[in-house]
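S.K.: generate a structure from the sequence data that follows.
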Amino acid sequence: MTHAHKIFIRTKKEDSAFVYHVFEAHEGLVSYSTLPHQAHDPFRDLELLVTEELRSDLEALLEDMREYVTVLPSS
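M.R.: Coordinates of the predicted model:
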């Protein structure tokens with residue numbers, strides 16, 4: 001079984017739909033979930049799951065999206 005890595009990112013609420021669409025356009029690259037939030041929060045945090053084989057591809061995509069997302073520190 002392949003181990004999935006967790007990466008957490010933050011995006012502005014108004015950019016979240018765009019970020020979701022980018023991930024959907026890269027079908028099979030990453031699985032993502034929006035973490036719990038309040039409706040008035042100005043941001044959305046997402047948990048990304050990626051395999052070791054695709055991790056560098058996802059990291060390159062996140063770098064390209066740095067205007068829209070911030071990679072949060074690992075816990």
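S.K.: residue 60 versus residue 46, what's the distance?
M.R.: As judged by CB to CB, to the nearest Å, residue 46 and residue 60 stand 17 Å apart. No exception for glycine: its C-beta is placed from N, CA and C like everyone else's.
S.K.: what's the burial count for residue 67?
M.R.: As a burial measure, residue 67 scores 6 neighbours (other CB atoms under 10 Å).
S.K.: show me where the protein has helices.
M.R.: Taking DSSP state H, the helices of the chain run over residues 16-25, 52-64.
S.K.: quick one: the first one to helix 52-64, angle?
M.R.: Spelled out, that is helix 16-25. Relative orientation of helix 16-25 versus helix 52-64 (axes from the mean of the first three to the mean of the last three CA atoms, to 10 degrees): 140 degrees.
S.K.: what is helix 16-25 packed up against?
M.R.: strand 31-34 (3 or more CB pairs under 8 Å, 6 or more residues apart in numbering; DSSP states H and E).
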